[in-house]
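Peer 1: when you get a sec, could you give me coordinates for this:
(one chain, ligands or ions: 1)
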Amino acid sequence: MVLRARDVAVSYGDEPVLEGLSVGVEAGDVLAVIGPSGVGKSTLLRLLALAETPDDGTVELDGTDAWALDNGDRLRLRRRIGMVFQEANLFDASVARNVEYGLRVRRLWSDRLRDWAASIVGPSTPTDAVTEALSVVGLADRGDQPAGSLSGGEAQRVSFARALAYDPDVLLLDEPTSDLDPRNTALIEEAVSAARDRGIGVVLATHDMHQAERVADRAAVLLGDGIAEIGPTDRVFEDPNDDRTRQFISGELVY
Ligand SMILES: Nc1ncnc2c1ncn2[C@@H]1O[C@H](COP(=O)(O)OP(=O)(O)OP(=O)(O)O)[C@@H](O)[C@H]1O
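Peer 2: Model prediction:
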């Protein structure tokens, strides 16, 4: 599996946000997208989610140009991509119903997720797909709880479980831990690593460079006019090739 934005451009009004940008993620690869506020990280994720049409360029999944397909076929591609946002956006229903939603959309229960969850939490307790997805984020016993009564961190973990239950090939995470405490952040980061180990490709937009270093195989530094640098996370942070990347990483303002 490869999800790739190829030479994409997006403008809002007269204001170009992304221009000629190319970036991709493969199975089992975690790519962190970092860059200053307003540079276009969320826009890039919406493009990769096929939720927004590029003004120029295209988005390909396994070499298929999503924007050359009719709506029905594009929807089928979109169903291989899961997304988690900064806010959990749960429905006013139980935790289990929220996670089940992912399954209903997908309309299948995948053996892949079952095997994967069993490899993480052991085969004993989980009895169904919902419980198993919740197990990955440490909430297997909370299925009956109303989603509205969860803490912010727990709600975000449910949101992650909902995306997992969907059994995606790619997970797009838009600042998923920016409002969370260290424990919930760690649990989400563990779930990201588990997703990678299972062969899911992950794109993580984050302001937290330490998080990028902890979980990402590669980092893409997005600065004003596109990707300044992309490469193995350690190399990008410790020995950036690009002067502006160096400035950004050392905390200077870069536009
Ligand atoms: N629907 C829209 N209409 C108009 N402008 C938009 C729209 N979406 C995004 N923008 C603008 O595009 C630019 C990039 O926004 P985006 O949310 O992608 O940045 P970001 O890097 O994710 O920012 P942050 O780190 O603050 O979340 C911003 O200037 C934003 O105001």
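
Peer 1: after the helix or strand of the chain with the lowest mean pLDDT comes which helix or strand?
Peer 2: Each helix and strand of the chain was given a mean pLDDT (mean pLDDT, DSSP states H and E); the minimum falls on helix 111-121 at a mean of 64. Downstream of helix 111-121, the next assigned helix or strand under DSSP states H and E is helix 129-136.

Peer 1: could I get the average pLDDT for the very next helix or strand once past that next one?
Peer 2: Downstream of helix 129-136, the next assigned helix or strand under DSSP H and E is helix 152-165. Regarding helix 152-165, the rounded mean pLDDT is 94.

Peer 1: what residues does helix 152-165 touch?
Peer 2: 82-85, 88-90, 95, 98-103, 106, 113, 129-130, 133-134, 136-139, 142, 147, 150, 171, 176-177, 179-181, 183-185, 187-188, 191, 195 (CB atoms under 8 Å, 6 or more residues apart in numbering). In this view, the C-beta of every residue, glycine as well, is placed from N, C-alpha and C.

Peer 1: just the residues you listed: which are in strands?
Peer 2: Using DSSP state E, the members of the contacts of helix 152-165 that fall in strands are 82, 83, 84, 171.

Peer 1: now for the second one: which residues touch it?
Peer 2: For residue 83, the contacting residues are 45, 49, 51, 163, 171, 172, 173, 174, by CB under 8 Å, 6+ apart.

Peer 1: okay if I get those as JSON lines plus distance to residue 234 and neighbour count?
Peer 2: Output for the contacts of residue 83, formatted as JSON lines (distance: CB to CB, whole Å; neighbours: other CB atoms under 10 Å):
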{"residue": "45", "distance to residue 234": "23", "neighbour count": "22"}
{"residue": "49", "distance to residue 234": "28", "neighbour count": "18"}
{"residue": "51", "distance to residue 234": "32", "neighbour count": "12"}
{"residue": "163", "distance to residue 234": "27", "neighbour count": "25"}
{"residue": "171", "distance to residue 234": "22", "neighbour count": "25"}
{"residue": "172", "distance to residue 234": "23", "neighbour count": "28"}
{"residue": "173", "distance to residue 234": "20", "neighbour count": "28"}
{"residue": "174", "distance to residue 234": "24", "neighbour count": "21"}
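
Peer 1: show me the shaky parts of this structure.
Peer 2: Residue ranges of the chain with pLDDT under 70: 104-127, 255.

Peer 1: which helix in it runs the most residues?
Peer 2: helix 182-197 (DSSP state H).

Peer 1: residues in this protein within reach of the ligand, list them.
Peer 2: Neighbours of the ligand within the chain, by CB under 6 Å from any ligand atom: 12, 17, 35, 37, 38, 39, 40, 41, 42, 43.

Peer 1: do I have it right that the last one meets residue 19?
Peer 2: When you say that, I think you mean residue 43. No - applying CB atoms under 8 Å, one finds residue 43 not in contact with residue 19, separated by 11.5 Å.

Peer 1: just name the closest of the contacts of residue 83 to residue 221, please.
Peer 2: Set against residue 221, the nearest of those by CB to CB is residue 45 (15.5 Å).
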